[in-house]
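Peer 1: Build me a model from this:
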Amino acid sequence: MEPIRRSEIKDLAGYEKVRAEIRRRAIEQRAARRVGLGKRLSAVFESREALAYQIQEALRARRTVDEGEIEREIDAVNELLPRAGTLAATLFVEFADGEPFSEPPVELGDLRERGGVSIEVGGATRVAARAGGDPAAGAPSFGPVRLSFAFTAEAAASFRDASLPAALVVELRGYGATADLSPAVRTALAGDLGEV
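Peer 2: Got it, this is the predicted structure:
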C-alpha cells in the first residue's frame with residue numbers, strides 16, 4: 001500500500017465537515033474486513049482508508065494543529081501499513097458483557113514467541129503470521145496483537161485463486177479456531193497484496 005501523505009489529512013475544521021461520512025465508510029470497511037475466530041477472538045485486516053481515519057481521529061481527539069506532531073502521527077501509522085506482498089491484521093480478544101478483564105478467556109502473551117496464527121490456502125499453502133510490537137511492561141496478555149503475513153509469489157497466486165478455499169487459522173495453547181475467508185474479504189485482501 002502507498003504511504004498516507006500529509007496532503008490527504010484534513011485540518012480540524014475541514015475534517016469536522018466530512019467526519020460523519022469518513023467515519024461511516026471506515027466502520028463499514030472494518031466490519032467487512034473482520035473475521036471471527038470462534039467465540040473468543042477476532043481479527044481485523046487493516047486498510048489504508050481505515051488507517052487514514054485513525055490518523056484523523058487521533059488528531060481530532062488531541063486537537064492537534066502542530067505540523068510536526070501531524071507528521072509524526074502520519075509516520076507512526078504508515079509503519080502499520082502492509083508493504084507489497086504483505087497483509088496486516090490486528091487480533092482481538094472478545095469479552096462477553098460484564099466479563100472481568102482480570103480473567104482473560106484467551107492468553108495471547110506467547111504469540112510473539114511461538115506464533116500460532118496463519119492463513120491457509122487450498123489446504124496446502126500456509127502463510128504464518130508474525131506478531132509485531134513489544135508489549136509494554138505489565139501490559140495485559142490479552143491486549144490487541146498486530147499481525148503481519150508475508151506472502152511468497154506462489155502463496156499470493158494461490159490466495160488470489162478463488163477456486164481454492166482460504167481460511168484464517170488460530171492454534172494457541174488452549175484455544176483453536178478456523179474461519180473461512182469470504183470471497184468479499186479475499187477480493188479486498190488480494191488487492192492489498194499488490195505485486196509480490
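Peer 1: chain center to the top helix by length along the chain: distance?
Peer 2: Secondary structure assigned by DSSP state H gives helix 12-32 as the longest helix of the chain. Offset of helix 12-32 from its chain centre (CA atoms, centre = their mean, to the nearest Å): 18 Å.
Peer 1: Which strands or helices does it pack on?
Peer 2: Contacts defined by 3 or more CB pairs under 8 Å, 6 or more residues apart in numbering; DSSP states H and E place helix 12-32 against helix 48-62, helix 183-193. In this view, the C-beta of every residue, glycine as well, is placed from N, C-alpha and C.
Peer 1: so can I have TSV of those helices showing mean pLDDT and mean neighbour count?
Peer 2: Compiled in TSV, the helices and strands packed on helix 12-32 are given as follows (pLDDT from 0 to 100; neighbours: other CB atoms under 10 Å):
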stretch	mean pLDDT	mean neighbour count
helix 48-62	94	17
helix 183-193	88	16
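Peer 1: Looking at these, spot the one closest to R25.
Peer 2: helix 48-62 (6.7 Å; CB to CB).
Peer 1: tilt between that closest one and helix 183-193?
Peer 2: 80 degrees (axes from the mean of the first three to the mean of the last three CA atoms, to 10 degrees).
Peer 1: then helix 48-62 to CSV, C-alphas only?
Peer 2: Output of helix 48-62 as CSV, limited to C-alpha atoms (Å, rounded to 0.1, in the frame of the first residue of the first chain):
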residue,chain,number,x,y,z
ARG,A,48,-5.3,2.3,4.0
GLU,A,49,-8.6,4.1,4.4
ALA,A,50,-9.2,2.9,7.9
LEU,A,51,-5.7,3.8,9.0
ALA,A,52,-6.1,7.3,7.5
TYR,A,53,-9.3,7.6,9.5
GLN,A,54,-7.4,6.5,12.6
ILE,A,55,-5.0,9.4,12.0
GLN,A,56,-7.8,11.9,11.6
GLU,A,57,-9.5,10.7,14.8
ALA,A,58,-6.2,10.8,16.8
LEU,A,59,-5.5,14.4,15.6
ARG,A,60,-9.1,15.4,16.4
ALA,A,61,-9.1,13.9,19.9
ARG,A,62,-5.9,15.8,20.8
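Peer 1: Can you tell me what sits against that helix?
Peer 2: The contact list for helix 48-62 (CB atoms under 8 Å, 6 or more residues apart in numbering) reads 1-2, 4, 8-10, 12, 15-16, 19, 22-23, 25-26, 29-30, 33, 64, 69-70, 73-74, 77, 80-81.
Peer 1: Check those for burial and list the buried ones.
Peer 2: By neighbour count, with 16 or more other CB atoms under 10 Å, the contacts of helix 48-62 hold 1, 4, 9-10, 15, 19, 22, 26, 29-30, 33, 64, 70, 73-74, 77, 80-81 as buried.
Peer 1: What's the first helix or strand after the helix or strand of the chain with the lowest mean pLDDT?
Peer 2: Lowest on mean pLDDT, DSSP states H and E among the helices and strands of the chain sits helix 111-114, with a mean of 68. Sequence-wise, the next helix or strand downstream of helix 111-114 (DSSP states H and E) is strand 117-121.
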